[in-house]
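1. model this:
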Amino acid sequence: MDALQRPSIPEDAVQYHLFLVYLDSSDAEAHERFLQQILQNILAEIAPLLVQYIWQHLPFNLRYHPEKGDVPAHLGGVTEFGDNVEDEWFIVYLLKHITRTFSDIAAVVYDNDGQFLLIEAAEHLPKWLDPDSSENRVFLYQGELHILPNCTRSGEVGWPRDSVPTVERALEVLHSHTESCLAKQPICVALAKRLDGYPDKIQQNFHRAHCYVPAGIALVLSRRPDLIAPAVSAFYLRDPVDLQACRTFHTFPPDARVMASIKFTRCLYAQLQQQSFVPDRRSGFTLPVRSHPQYRAHELGMKLAHGFEILCSKSGQSSSEKEASVSSNPLWRGFLDSLKKNGYFKGELEGSVRYKDLMSSAESFFRQSVTSTHCPAIQNPGQEMLKVLEDTSYSLEDLKNQEAHLPPEDSDAWLDISPRELERLLEERGGRGVSDGTRKTAPDEEVQEEEAGYSLIAVTQGMKNFINAMSSHEGAEIPRSCLAEPFSFDPDAVTSALDGLLGSKDDELDSDDFEDDDEEDDSDVDEDEEVQNGESQEQAGAEALDNLRKYMDEMDQELQSTNIGRSFTQNNRTSNTADASKSSLADAGSELVEEEIQPLDVDLNLVSNLLESLASQAGLAGPASNLLQSLGIHIPPDADQS
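-> A predicted model of the protein is given here:
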């Protein structure tokens, strides 16, 4: 159990475990062989999705973990996703796909934030479920999210909120009470919405661009497209020591450059495109003027060349031991047979160029996904680049001839986002966007009509709902529905509360006053005491309310002449009447002073103060805008530029 209680993992990493839902601990060796066989089948199943995928840092990897403490033997791994959070959610999709395909597998996934699947559906979780009570309760099973329920009575399925089940017991309950553990529909819908578009979204996340790069880089990326990620990261995270290797390019000289179509992920392309960099004059890289039609291709190629050169300059710093061939791994033969059965090679003849490229991609995927994350295969990409250059010959003339047949590059308009589009995305991520997700930017006429017809009643009603909502000791809670229950006023409850605060006649009596030596008279006065007590309670309540009114009236009179009294807005009708009769009231005496105190327009004061607070934020985030956004209230932007 301790091993799964959110161990220390890197900040930008996701950890995952695959368990068998029914355990047979009688034969540990047989259990390990069964898990290794499942590992082969899993890798063969997801290989078509992963072979061409480009990871930001580390790939999805699985390996066998023996039993340790309360945690049974399982398959697991850790993946660093860096700045590309889509890698993390792609892994969630893979786990859902694996658990749907292999019905005897349940998956657990978390990052340094804990159960981030629950964070995605935070608005729909039950009250009892929080980070402390979710340990060993959240699983992906049969392609759906399952949450082991809270047990409040004996005989119910689940565990009490304050207890943590062991992994083995949790898996037993998950297997025997699958329907009871299935997460509620809104939670599943929220998770499915975040994963909407996969697996087609994999291709949508790629970006092809033309880059003017040294011929060696074009060759390396044609064989190993995944090496684009470490090259971009090397340039993105460069330091002065790294740039020393780029004063003279030994591995990728700039005198032999060609135009190539390079495949990035959107995250990698954005990191490379948004970096401002001027090459060293000694490097040999020169850029055309910015108005040149191919300036961007030259700039991207120059940046890529620096990243590749930095990696190759570091290749000698690691161990020079020759990497073992994947064919020596006992899992490789079964993995290759599974690929052939699933049609991975697409009918290509063995020995053809296309077949060799597919085989190279499969070997790279197997090496990165099966072995431990500490394997030097992906930790030293410079050696991988040099190995490709050594094993492959190329003709500069052939590469130049291919320039005329390059596919068109993708538009990078997705890099630019308008304020209105950003607001729409934030609303969708906050769960308060349009329900069908098809909201589009309205024309200017519709926007003006919307702002002109905007009613501030929604603001006051939303604030009232927020104030009337019942919150716990953990803090204020946003009402889940704008139609909150109306505020109810109980006069009897107010009277009893005032009795407790102000004290009544009965409370002022000592205990000695209730002592009576004539016990024989108690039965004669019971009825009279009940009547008298009822009358005294009514009189005490009325008297307490009168006293409270007097206190409030005196406070109003004292505050009226201060700045606090002038800061509130009164009803126009009553304030005009008060202004017209102000001179006559001045001579009427103290009995008419109360009439000068006019009732306040609470709604108008509320809206005025909120709008003043919004104006003082100058379009930035602040208390007023955050509170209104959390309540689902949208205030149109201030069109008054004065």
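
2. Need the residue closest to the centroid of the chain.
-> With distances taken as CA atoms, centre = their mean, the residue of the chain nearest its centroid is residue 120 (5.8 Å).

3. Please name the spatially closest residue to it (chain neighbours excluded).
-> residue 194 (5.3 Å; CB to CB, 6 or more residues apart in numbering). (Glycine included, C-beta is placed from N, CA and C.)

4. The one you found is in contact with residue 96, isn't it?
-> No - contact between residue 194 and residue 96 fails when scored by CB atoms under 8 Å: they sit 11.2 Å apart.

5. Check whether residue 550 sits in a helix, strand or coil.
-> Using DSSP: H, G, I helix; E, B strand; the rest coil, the structure places residue 550 in helix.

6. Please read off the pLDDT at it from the model.
-> Note on residue 550: pLDDT of 86.

7. Comparing residue 194 and residue 96, which residue is more hemmed in?
-> Neighbour totals were compared for residue 194 and residue 96, and residue 96 leads with 22 against 16 (other CB atoms under 10 Å).

8. Is my assumption valid that that one occupies a position in a helix?
-> Yes - assigned with three-state DSSP, residue 96 falls within a helix.

9. and the gap between it and residue 405?
-> For residue 96, the distance to residue 405 equals 39 Å [CB to CB, to the nearest Å].

10. Also residue 421?
-> Separation of residue 421 from residue 405 (CB to CB): 36 Å.

11. Neighbour count: the two, which is higher?
-> The neighbour count for residue 421 versus residue 405, taken as other CB under 10 Å, is higher for residue 421 (12 against 7).

12. Would you mind giving the secondary structure of that one?
-> helix.

13. Sort out which residues of stretch 212-232 are buried, please.
-> Buried positions in stretch 212-232, judged by neighbour count with 16 or more other CB atoms under 10 Å: 212-232.

14. what about it, distance to the chain center?
-> Relative to its chain's centre, stretch 212-232 lies at 32 Å (CA atoms, centre = their mean, to the nearest Å).

15. Check the separation of the first and last residues in that stretch.
-> The straight-line separation of the ends of stretch 212-232 (CA to CA, to the nearest Å) is 15 Å.

16. go on, stretch 96-116?
-> 15 Å.

17. which ones are touching the nearest residue to residue 95 once chain neighbours are set aside?
-> What sits nearest to residue 95 in space, not counting adjacent residues and going by CB to CB, 6+ apart, is residue 107, at 4.3 Å. Counting by CB atoms under 8 Å, 6 or more residues apart in numbering, residue 107 touches 16-19, 95, 98-99, 139-141.

18. sorry, back to before: any idea how far residue 338 is from the residue nearest to residue 120?
-> Counting by CB to CB - residue 194 and residue 338 are separated by 30 Å.

19. With residue 608 instead?
-> Taken as CB to CB, the span from residue 608 to residue 338 is 70 Å.

20. Sitting in helices, which of the buried residues of stretch 212-232 do you find?
-> With DSSP state H as the criterion, helices contain 215-223, 228-232 from among the buried residues of stretch 212-232.

21. min pLDDT across those residues, which one?
-> For these, the least confident entry is residue 223, with 86.

22. which residue packs closest to that one, ignoring adjacent ones?
-> In space, residue 223 is closest to residue 388, 5.1 Å off (CB to CB, 6+ apart).

23. That neighbour reaches residue 221, doesn't it?
-> No - counting by CB under 8 Å, residue 388 does not reach residue 221; the two are 9.3 Å apart.

24. re the thing from before, most neighbours out of the contacts of residue 107, which is it?
-> Top of the contacts of residue 107 by neighbour count (other CB under 10 Å): residue 139, with 27 neighbours.

25. Can you give me the pLDDT of residue 435?
-> Looking at residue 435, its pLDDT reads 41.

26. tell me the contacts of residue 186?
-> Per CB under 8 Å, 6+ apart, neighbours of residue 186: 121, 124.

27. Could you do the one 5 residues further on as well?
-> Residue 191 sits next to 117, 120-121, 145 when contact means CB under 8 Å, 6+ apart.

28. Report the separation between it and residue 124.
-> Residue 191 is 10 Å from residue 124, by CB to CB.

29. what's the average pLDDT for stretch 291-298?
-> Stretch 291-298 comes out at a mean pLDDT of 94.

30. Only the buried residues of that stretch, if you could.
-> The neighbour-count check on stretch 291-298 (16+ other CB under 10 Å) flags 296-298 as buried.

31. now, among these, which is nearest to residue 255?
-> residue 298 (14.2 Å; CB to CB).

32. wait, isn't the closest one in contact with residue 279?
-> No - assessed by CB under 8 Å, residue 298 is found out of contact with residue 279, at 10.6 Å.

33. what is in contact with these two at once?
-> residue 287.

34. re earlier: how near is the residue nearest to residue 223 to residue 394?
-> From residue 388 to residue 394 the distance is 10 Å (CB to CB).

35. what about these two, which has more around it?
-> residue 388 (18 against 15).

36. May I ask which helix or strand encompasses the more buried one?
-> helix 381-391 (DSSP states H and E).
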